[in-house]
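Participant: Provided below for reference: sequence and predicted model.
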Amino acid sequence: MKPGNALLAQVREDVLHRTRRTRETATLRRMVRETRLAVDNLVYPMFVVEGRGVKQEISSMPGQHQLSVDKLVEECREAAALRIPGVILFGIPGRKDDAASEAYAEKGIIQEAVRAVKDALPELCVVTDVCLCEYMDHGHCGVVEEGRVLNDPTLDLLERTAVSHAQAGADMIAPSDMMDGRVGAIRRALDRAGFPQTPVMAYSAKFASAFYGPFRVAAESAPAFGDRSSYQMDPANGREAQREIDFDIAEGADIVMVKPALVYLDVLARARDRVNLPLAAYNVSGEFAMLAAACRNGWLDPERAFMETLTAIRRAGADLILTYFARDAARRLQGDARTPLSFM
């Protein structure tokens, strides 16, 4: 009996379903792949500081930096060359107070950064994070009175901040504060100010997560007292996340977001089943730092680990992924396997 016939004779007749058939070769696996990750899915978060010539590595986030405006423009040129469609900017002002006045100052750090980037790279989509924590001397995301974060007085400051970003040339506004009613307030303020076409990407299901720690080092925004549990969501609540998403859609959000991404993939997938708007997910600083640390210690294969992470977020339903892996992913997706990974 020929070897091939002998092999066929060993096939069990009771095995009816052989899903391995379409895994046999790399070409077959590529042909039947369900989830496609593309550069167009990526948004790159960046931190802007005052000064000139500043490129300070963030201790908690390998390969990520605080950048002055001139260095930010250079980094944005690199992102654009990699065909990353958008960046999201976080500002770190030189002065903080209890009214977040630098958040909406005409010559504030974000306003200057937006003008510089749009002047250099008009086609790059510049998204601005609208929150007050980086600008408040107490580090909370709203107006504080007698130890409480007040909702409605905060809305006024958020409106002013959003309009100032649009006036500077921001392509999209992304409120992340989690105050009730802020999406509707910002939408109306933008419309009144003559920016009806400026979209709002709402941090709709933003949880009071432990995974923001490295970001607070990067943005210098840790609260001086207490925590943010009175306005960010309880990590135990999935149904409430859907309510928050519904509220933001009703108030005029153009894109809704789940944050963090990895430990809330169930929330993301449930939102994808219910929501017809574009859906974003933020692969946050703690998720990045945790994976980067494991890779740097040799415990994980770096390239496979971060690409699997981004694919999982995409598979769960995200159209946009805000991620510090954006540059590395863009290179790999375009066939560049030689450039060293930025976090290694």
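Facilitator: That came through, no problem.
Participant: V32: how many residues sit nearby?
Facilitator: V32 has 10 neighbouring residues, counting by other CB atoms under 10 Å. Any C-beta I mention is one placed from the backbone N, CA and C, and that applies to glycine too.
Participant: quick one, phi psi at it?
Facilitator: When quoted as degrees, to the nearest 10, the phi and psi of V32 stand at phi -100, psi 10.
Participant: how about the contacts made by it?
Facilitator: By CB atoms under 8 Å, 6 or more residues apart in numbering, V32 lies in contact with T22.
Participant: pLDDT score assigned to it?
Facilitator: pLDDT, V32: 95.
Participant: could you check how far it is from A26?
Facilitator: V32 is 12 Å from A26, where distance means CB to CB, to the nearest Å.
Participant: so which residues of the stretch 201-344 of the chain form helices?
Facilitator: Using DSSP state H, counting those that start in this stretch, the helices of the stretch 201-344 of the chain run over 213-219, 239-250, 265-274, 285-296, 302-316, 326-333.
Participant: out of those, deepest packed?
Facilitator: Counting by mean count of other CB atoms under 10 Å, helix 326-333 has the highest mean neighbour count of those, with a mean of 22.
Participant: can you get me a residue count around P235?
Facilitator: Neighbourhood size, P235 [other CB under 10 Å]: 17.
Participant: that one is in contact with A208, isn't it?
Facilitator: Yes - the pair P235 / A208 is scored as a contact, 6.6 Å apart, by CB atoms under 8 Å.
Participant: what about S101, neighbour count?
Facilitator: Neighbour count for S101, taken as other CB under 10 Å: 16.
Participant: likewise M31?
Facilitator: Counted with other CB under 10 Å, M31 comes out at 9.
Participant: got a list of what it touches?
Facilitator: T22.
Participant: still on that earlier bit, same list, the helices of the stretch 201-344 of the chain, but as TSV with mean pLDDT please.
Facilitator: Shown next, in TSV, are these (pLDDT from 0 to 100):
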stretch	mean pLDDT
helix 213-219	93
helix 239-250	98
helix 265-274	98
helix 285-296	97
helix 302-316	98
helix 326-333	98
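Participant: please enumerate the strands of the stretch 1-150 of the chain.
Facilitator: 42-49, 55-57, 65-67, 86-92, 125-130, 143-145, 148-150 (DSSP state E, counting those that start in this stretch).
Participant: make a markdown table out of the ones you listed and add distance to A337.
Facilitator: What follows is those, written out as a markdown table (distance: least, CB to CB, whole Å):
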| stretch | distance to A337 |
| --- | --- |
| strand 42-49 | 18 |
| strand 55-57 | 24 |
| strand 65-67 | 24 |
| strand 86-92 | 24 |
| strand 125-130 | 27 |
| strand 143-145 | 49 |
| strand 148-150 | 47 |
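Participant: which one of the ones you listed lies closest to D171?
Facilitator: strand 125-130 (4.8 Å; CB to CB).
Participant: which other helices and strands contact that closest one?
Facilitator: strand 86-92, helix 109-120, helix 151-168, strand 172-175 (3 or more CB pairs under 8 Å, 6 or more residues apart in numbering; DSSP states H and E).
Participant: that strand pairs with which strands?
Facilitator: Under the criterion DSSP bridges, strand 125-130 sits next to strand 86-92 (parallel), strand 172-175 (parallel) in its sheet.
Participant: next secondary structure after the shortest one?
Facilitator: Translated: strand 172-175. As assigned by DSSP states H and E, the chain's next helix or strand after strand 172-175 is helix 182-192.
Participant: what angle separates that following helix from strand 125-130?
Facilitator: Counting by axes from the mean of the first three to the mean of the last three CA atoms, to 10 degrees, helix 182-192 lies at 120 degrees to strand 125-130.
Participant: what residues sit buried inside helix 182-192?
Facilitator: R182, V183, G184, A185, I186, R187, A189, L190 (16 or more other CB atoms under 10 Å).
Participant: what's the closest of these to L155?
Facilitator: A185 (4.5 Å).
Participant: in contact with that closest one, which residues?
Facilitator: A185 neighbours (CB under 8 Å, 6+ apart): L155, L158, E159.
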